[in-house]
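**Student:** got a sequence here, can you model it:
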Amino acid sequence: MRCPSGIKVPTIISTARSDKGFLLVATLALLSVLTLLGTTAALLTRTDTKISGNFRSTQAALQVAMGGVERAKELLRQENTSSSDPASFSDELANGTRHGANTTLDGYTPSTDDQPIVSGTLNLVSYSAYLTNDSVDGTSNTADSNGRVMITSVATGPNNSKAIVQTVVGVFTMPLTPGPGALYSKDSVYLSGSSIIISGTNACDPSASLPPVYTLDPATTVLNGSPQLSGNPSTPQHGNVDIDIASYVEARKDFATTILTADTGNATFGSSSNYVTVYSDATQQGDGELRLNNVTGHGILAIKGDLQLSGNINWNGLILVTGVIRSSGGGSNSKNIMGQIYSGMSLLGDSTVTGSVTVGYDGCKVTQAIEGQPLRVRSWKQIY
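**Tutor:** Now for the predicted structure:
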């Protein structure tokens, strides 16, 4: 049988059937490809989700480990403050409750029997912070020679997450404490008026008294109007004791409880039971000087630049100034500094003290100001 065009009917049917088979194969192939793509996408999504989950767990463990270090630092600071030797960590390292069955401080290892200084759980992540000596003294040594120890914080959480952080911390010290004088200055000091009283007699231990004023050569102390000076000896002294005041001021910046960015008046900082740190970069102001008026404080006052005391001032502890100190105001505006003052040098002139000013050396308040400082981080690393 032939179509009018001359093409055989069986040929047409065969061609149609051949096309149907091709379409079927093509459709199956496309479905296979789509299925493979869908499966691959699902696997990738599941893998990404798992990776993201593991990353979150790892980061959570790291954050908790770092938090463990911070908590251990504060507990260690409190323990150190009340120890027999706050300038070192020997008492804390020798604490028998932190040693395991072998009575030796081994340092952290996965099989350590040492007891943690602090432990806990936060957001399903457990942590333990261990105290050992630093590598300079040897981690198993219980005698601290440099005022530094190492806190190892280990955190474990879901999905086998784990983080280990080792932080070396140190105490804030001033090697020259008690210092060469109640008032130390790298620049010359001008004392004018009989209402000025500067005493180097230690209020809490008279046997450990200091000169009233000490200046770094060639600076001198100039007296006008018969200021009242006392101490051991009772006259101003001078010499070559050069104290790096700038480094001490800079070190307090990161630990300041209060940062002053402008002249301040009618303020109270800290208390007799809470010594704080107040920091100011006065060089950022137009005249490079911070002016305090009617201020009471306990702790460390650290000033980068010059300091002017006006109005009624009462400070207990340490005053560290990289520049010079000036006082202003009449006799009714009393200024009482019980502790110690360290001042540096300024292009604007020398330290000038006038009006009703009392500076009395008090070693106990100086010690309390120093011991109340947070532990300083010397180095930090994460162990993988």
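
**Student:** so, low pLDDT: which residues of the stretch 251-384 of the chain?
**Tutor:** Judged by pLDDT under 70, the stretch 251-384 of the chain has its weakly predicted residues at 329-332, 347-350.

**Student:** quick one: the strands in it?
**Tutor:** In the stretch 251-384 of the chain, the strands defined using DSSP state E, counting those that start in this stretch lie at 258-260, 264-269, 276-281, 289-304, 306-321, 325-327, 335-343, 351-354, 357-361, 376-383.

**Student:** same deal with the stretch 51-200 of the chain?
**Tutor:** Secondary structure of the stretch 51-200 of the chain by DSSP E, counting those that start in this stretch: the strands cover 118-122, 125-133, 148-156, 162-170, 183-185, 189-192, 196-199.

**Student:** which of the ones you listed sits most buried?
**Tutor:** strand 183-185 (a mean of 27; mean count of other C-beta atoms under 10 Å). Every residue, glycine included, has its C-beta placed from N, CA and C.

**Student:** ok, and what's touching that strand?
**Tutor:** 189, 198, 212-216, 219, 241, 243, 324-325, 340-344, 350-351, 359 (C-beta atoms under 8 Å, 6 or more residues apart in numbering).

**Student:** now those residues: which count as buried?
**Tutor:** Among these, those scoring as buried are 189, 198, 212-216, 219, 241, 243, 324-325, 340-344, 350-351, 359 (criterion: 16 or more other C-beta atoms under 10 Å).

**Student:** for stretch 218-238, buried residues please.
**Tutor:** Buried residues in stretch 218-238, counted by 16+ other C-beta under 10 Å: Ala219, Thr220, Thr221, Leu223, Pro227, Leu229, Ser230, Gly231, Pro236, Gln237, His238.

**Student:** picking that back up, in a markdown table: the strands of the stretch 51-200 of the chain, plus distance to Gln59 and mean pLDDT.
**Tutor:** Formatted as a markdown table, the strands of the stretch 51-200 of the chain follow (distance: least, C-beta to C-beta, whole Å; pLDDT from 0 to 100):
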| stretch | distance to Gln59 | mean pLDDT |
| --- | --- | --- |
| strand 118-122 | 13 | 92 |
| strand 125-133 | 10 | 93 |
| strand 148-156 | 11 | 94 |
| strand 162-170 | 9 | 94 |
| strand 183-185 | 48 | 95 |
| strand 189-192 | 54 | 91 |
| strand 196-199 | 55 | 94 |
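
**Student:** need the ones you listed in JSON lines (columns: distance to Thr27).
**Tutor:** Formatted as JSON lines, the strands of the stretch 51-200 of the chain follow (distance: least, C-beta to C-beta, whole Å):
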{"stretch": "strand 118-122", "distance to Thr27": "56"}
{"stretch": "strand 125-133", "distance to Thr27": "52"}
{"stretch": "strand 148-156", "distance to Thr27": "53"}
{"stretch": "strand 162-170", "distance to Thr27": "51"}
{"stretch": "strand 183-185", "distance to Thr27": "93"}
{"stretch": "strand 189-192", "distance to Thr27": "98"}
{"stretch": "strand 196-199", "distance to Thr27": "101"}
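
**Student:** tell me which of these sits nearest to Leu260.
**Tutor:** Evaluated with C-beta to C-beta, the strands of the stretch 51-200 of the chain place strand 183-185 nearest to Leu260, the distance being 22.0 Å.

**Student:** okay, now the sheet partners of the closest one, with direction.
**Tutor:** strand 213-216 (parallel), strand 335-343 (parallel) (DSSP bridges).

**Student:** dump these into CSV; add distance to Thr142 as well.
**Tutor:** Below are the strands paired with strand 183-185 laid out as CSV (distance: least, C-beta to C-beta, whole Å):
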stretch, distance to Thr142
strand 213-216, 38
strand 335-343, 33
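
**Student:** nearest to Glu74, out of those strands?
**Tutor:** When those are ranked by distance to Glu74, counting by C-beta to C-beta, first place goes to strand 335-343 at 24.2 Å.

**Student:** what about dumping the CA coordinates of the closest one to CSV?
**Tutor:** Provided in CSV are the C-alpha atoms of strand 335-343 (Å, rounded to 0.1, in the frame of the first residue of the first chain):
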residue,chain,number,x,y,z
LYS,A,335,43.3,69.4,97.5
ASN,A,336,44.1,66.2,99.4
ILE,A,337,46.1,63.5,97.8
MET,A,338,46.7,60.5,100.0
GLY,A,339,49.0,58.0,98.3
GLN,A,340,51.6,59.1,95.8
ILE,A,341,52.1,61.3,92.7
TYR,A,342,54.3,60.6,89.7
SER,A,343,54.6,63.3,87.1
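
**Student:** and that strand, how far from the chain's centre?
**Tutor:** 24 Å (C-alpha atoms, centre = their mean, to the nearest Å).

**Student:** what's the angle from it to strand 306-321?
**Tutor:** 70 degrees (axes from the mean of the first three to the mean of the last three C-alpha atoms, to 10 degrees).
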